[in-house]
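Undergrad: Give me a 3D structure for the following:
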Amino acid sequence: MKKRFSASVLILSILGNFGIIPSVDATENNLIVELDGLKNQTGQVCLSLFSSSQGFPDNKENALQTQCIQLGKKNPKIRFENLIPGNYAVAVFHDANSDQTLNLNSLGIPTEGFGFSRNPTILAGPPQFNDTAVVVAQVQNNIQIKLQYLWNFNK
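TA: Residues are numbered from 1 along each chain as shown. Okay, the predicted model is just below:
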């Protein structure tokens, strides 16, 4: 059985090298994030893409990719590129004062807008990775994240 499997892999590899079987680049997948619910166009939005629960949602050191995008006249579309197929979760916040930090009040409640992939309901604390993970398995994958503003003095 093991020899048959090895021979099959070898044959498929040879055929792929001659262009008989088209090869698929595993890193051609993209995740495009559209934001909804921005209260204003002040500052920037910062996004972190995670491929596991480690560090999710607020430890940027464990994020696979991070981006901060200046806001302008319209809502941005943020693109994470060169992803292998798998599960990913996105955490985003509206960094209105451009300090690259999700600001909190004295009770630990965010004073800036935030959101997560799959738009989970926020009750007490951030959601778990599994509650926000989306499958990336196509060349282009689109998701929409609705920002939430729980406590904002700058309305």
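Undergrad: so where is this protein shaky, pLDDT-wise?
TA: 1-27, 151-155 (pLDDT under 70).
Undergrad: Check it for its longest strand and report it.
TA: Ranked by number of residues, the top strand in the chain under DSSP state E is strand 86-95.
Undergrad: For that strand, C-alpha coordinates in CSV please.
TA: C-alpha atoms of strand 86-95 as CSV (Å, rounded to 0.1, in the frame of the first residue of the first chain):
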residue,chain,number,x,y,z
GLY,A,86,-7.0,27.1,6.1
ASN,A,87,-8.9,28.8,8.9
TYR,A,88,-8.2,32.5,9.7
ALA,A,89,-9.6,35.1,12.1
VAL,A,90,-9.4,38.8,11.7
ALA,A,91,-9.5,41.4,14.5
VAL,A,92,-10.0,45.1,13.6
PHE,A,93,-10.3,48.3,15.4
HIS,A,94,-10.9,51.9,14.4
ASP,A,95,-7.9,53.8,15.6
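Undergrad: on contacts alone, who are the packing partners of that strand?
TA: strand 29-36, strand 44-50, strand 114-116, helix 129-132, strand 134-136, strand 140-146 (3 or more CB pairs under 8 Å, 6 or more residues apart in numbering; DSSP states H and E). In this view, the C-beta of every residue, glycine as well, is placed from N, C-alpha and C.
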